[in-house]
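[1] model this:
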Amino acid sequence: MSTDQSTSGAPSTTVSDEVSGQGKDTVAYDTYRKTVSEVKSLKSKLAELQAEKEAESQAKLAEQGKWKERAELAETKLKEEQKKAHMILQNFGKKALEGVVQSEALKLGAKPEAVEDILKLADFSDVEIDETFNIKADQVSLKLKEFSTKKPYLFSTNAKGVSDVVPNSKMNSGTKSLDEMSVEEIKQFVKTLK
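    Take a look at the predicted model:
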């Protein structure tokens, strides 16, 4: 590498000047290398933070999914409990209806051993039962009267009427009314009834 001399006598750029210029580039390169390494470390930290954030969002979604599952499970349990309650109410209503049917059937002269058969064979589905399980006895007796015409062998021919608990005002033509009797006379009258 030769140096060129100009006519003015000032030297132009030499190799040593070029090398010294490269020295300035070397310092800039060291700074560049440091900056690049800092950028790389910041990028890796950013990637780690983004991964953590993604993991947290996935965890939140998983928790929300668990809440959905828990809500669905609670909803199915609620439906099962409602079904149980409905079945209990139906069974209670059925038992109440059976009690009314049994008493009305016996009043109408059903054979006591045939009451269970009457409960199984007769249709009481349209008898009204309210929320407090009150049953209209007149509807039941009407159904039983219709049923007794279809299945008369379940009812006895000599059906007893229900005896009234309140005695008549005059028992016999020769006796006084209860209002007119004294306590001793009522005791004597009761003994004769036994």
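
[2] Mind naming the longest helix for this protein?
    Scanning the chain for the helix with the most residues, using DSSP state H, yields helix 15-107.

[3] Check which residues of the helix or strand just after that one are buried.
    Downstream of helix 15-107, the next assigned helix or strand under DSSP states H and E is helix 115-121. Neighbour-count burial for helix 115-121, counted by 16 or more other CB atoms under 10 Å, picks out 115, 118. For glycine as for every other residue, the C-beta is placed from the backbone atoms N, C-alpha and C.

[4] Identify all contacting residues around helix 115-121.
    98, 101-102, 105-106, 110, 144, 147, 151, 154 (CB atoms under 8 Å, 6 or more residues apart in numbering).

[5] Likewise for stretch 88-104?
    Residues from elsewhere that reach stretch 88-104 (CB under 8 Å, 6+ apart): 115, 118-119, 122, 124, 127, 129, 133, 135, 137, 140-141, 144.

[6] Equivalent analysis for stretch 141-148, please.
    The set of residues external to stretch 141-148 that reach it, using CB under 8 Å, 6+ apart, is 101, 104-105, 107-110, 118, 121-124, 127, 154-155.

[7] repeat that for 10 Å
    100-101, 103-105, 107-110, 118, 121-127, 136, 154-155, 159 (CB atoms under 10 Å, 6 or more residues apart in numbering).

[8] Which strand or helix spans residue 123?
    Under the criterion DSSP H and E, no helix or strand holds residue 123.

[9] what about it, neighbour count?
    9 (other CB atoms under 10 Å).

[10] ok, of the contacts of helix 115-121, which come out buried?
    By 16+ other CB under 10 Å, the contacts of helix 115-121 give 101-102, 105, 110, 144, 147, 154 as buried.
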